[in-house]
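Enquirer: Need the 3D shape of this:
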Amino acid sequence: MSDRHRTEAPDRATPPEDSPTRGRLVAIDAARGLALIGLTAIHFLPASDEETHEPTWSWILFAGDSAALFALLAGVGLAFGSGGRTRRQGQSMTAARVGVAVRALLIAAVGMSIGYLMPKDPPAVNILVYYGVFFLLTIPFLHLRPVTLVMCAMLFGVVAPVLMQILRGRLPEFTAYNPTFNDVVTVPGATAAQLLLTGTYPALPYMTYLLTGLALGRLNLRNVQVQTLLVVVGAGLAAFAYLSSYVLLYVAEGYHQLLPSVPEQSEEVVDEILVWGTDEGLPTSTGWWLAVTTPHANMPLAIAWSLGIGLAVLGTFLLLARTIGPWLLPLSAMGAMTLTLYSVQLVLLSFELHYDQPEIWFLAYLLLAALFAVGWQRAFGQGPLERLVSMAAKGAGRAVVGDGTRPALH
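Expert: Now for the predicted structure:
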């Protein structure tokens, strides 16, 4: 399975400048910067070794988990932008909802515009259009308490994958890996199905990450016990998902139940799907596919694995930022403007120049991205696209509800 159709992508829901502490922002931005490195590796580096055909280190480390981490952190950012630990109320919350809606539409518009540059067989699947849907779906949940948000996240993590398997054969197939404005107008049903359930980053299962991040953003992330708990719970959740999948597939013999659902009942085909997944989605003839942890499978245990990794990464960076925050500057600067850097990366990938020398392109992009991010942040603050989106979102909120939109203090 080629890595040409594998991509994770960012967005940064910028919190109010006076809400979280600087150390907390550094940690979250640094975690997002690491995710950017991960998606860059998936974009530019080979997914498999040319001689052994085994997965490369970049695929093993980053496939699927980068997108989950970005979604988790986007949820944290949405929590900050809607009051943090003290949820906004009344008109202030209305302004926050309007701002999220405007942010979602602008991010989706950027993604659909870039879609016109991508060839039919693209080097990357653009997640920005999906992110717009993520944010729109999150709006009704902004007022909920952390416990309720976690319960909703668990519900999405179980029910959405089941719906994917039940409805996949009944929903229209998408017509383009990277939807554009034309697709929204000409094939709205297929585009909606793709963005919600059948695409590479379906919004309904991804709500697990968004809502979990939203719950985390309502907690005291400055507390070292909370930070440590994130690492412990995250590692435990990832281990539970992996071991559960192993037991179900290889001890309970679920693996053999997968064979009739693939061509020629081939173990080789099943093994390839378990490692690489498939662009067409998992087979739907047996429920045992719900037990896999394949990257981008979006099955319950796959979601639990990626969520666990994301929680552990976030907790680790929160702990690191307490002592070595300034040393995280290259990562945090890139993480502070992932919308800009990711959009530029997609435009660059659309020229398909990187295939002959992937390692050089990978290193060159990361070096230039880090230098640009640090320089721009010190000179101007927010990234170019981040500033435009933030200004539009805040302006829309003020226009709808007037002046009562000052963020709540943490």
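Enquirer: count of neighbours near Val262?
Expert: Neighbour count for Val262, taken as other C-beta atoms under 10 Å: 18. Placement of C-beta: from N, CA and C, glycine included.
Enquirer: Tell me which helix or strand the closest residue to it other than its chain neighbours sits in.
Expert: Sequence neighbours aside, Val269 is the residue nearest to Val262 in space, at 4.3 Å (criterion: C-beta to C-beta, 6 or more residues apart in numbering). Using DSSP states H and E, Val269 maps to helix 267-276.
Enquirer: Wait, the residue nearest to Val262 touches Pro260, no?
Expert: No. With contact defined as C-beta atoms under 8 Å, Val269 does not count as touching Pro260 (11.5 Å).
Enquirer: Ramachandran coordinates for the most far-flung residue of the chain relative to its centre?
Expert: The centre of the chain is farthest from one residue, Glu264, which by C-alpha atoms, centre = their mean lies 34.8 Å away. Main-chain torsions, Glu264, degrees, to the nearest 10: phi 60, psi 20.
Enquirer: picking that back up, count of residues packed around the residue nearest to Val262?
Expert: 17.
Enquirer: Next: the one 10 residues further on.
Expert: Look at Asp279: counted by other C-beta under 10 Å, it has 14 neighbours.
Enquirer: before we move on, what about the one 10 residues further on?
Expert: Counted with other C-beta under 10 Å, residues neighbouring Trp289 total 24.
Enquirer: State the pLDDT value of it.
Expert: Per-residue confidence at Trp289 stands at 96 (pLDDT).
Enquirer: what residues does stretch 59-70 touch?
Expert: Applying C-beta atoms under 8 Å, 6 or more residues apart in numbering, the set of residues contacting stretch 59-70 from outside is 3, 6-11, 31-32, 34-36, 38-39, 41-42, 47-48, 55, 127, 201, 206, 209, 294-297, 302-303, 305-307, 309-310, 313-314, 338.
Enquirer: Ok, stretch 337-350 next?
Expert: 9-12, 32-33, 35-36, 39-40, 43, 70, 107, 110, 114, 117-119, 122-124, 126, 128, 334, 354, 365, 369, 372-373, 376-377, 382-386, 389.
Enquirer: List only buried entries from those residues.
Expert: The neighbour-count test (16 or more other C-beta atoms under 10 Å) marks 9-12, 32-33, 35-36, 39-40, 43, 70, 107, 110, 114, 118, 122-124, 126, 128, 334, 354, 365, 369, 372-373, 376-377, 382-383, 385-386, 389 as buried among the contacts of stretch 337-350.
Enquirer: Using the three-state scheme, assign the closest residue to Ser261 other than its chain neighbours.
Expert: In this structure, Ser261 finds its nearest non-sequential neighbour in Pro283, 3.8 Å apart by C-beta to C-beta, 6+ apart. State at Pro283, reduced to three classes by DSSP: H, G, I helix; E, B strand; the rest coil: coil.
Enquirer: pretty sure Pro283 is in contact with Pro263, am I right?
Expert: No. Judged on C-beta under 8 Å, Pro283 makes no contact with Pro263 at a distance of 9.8 Å.
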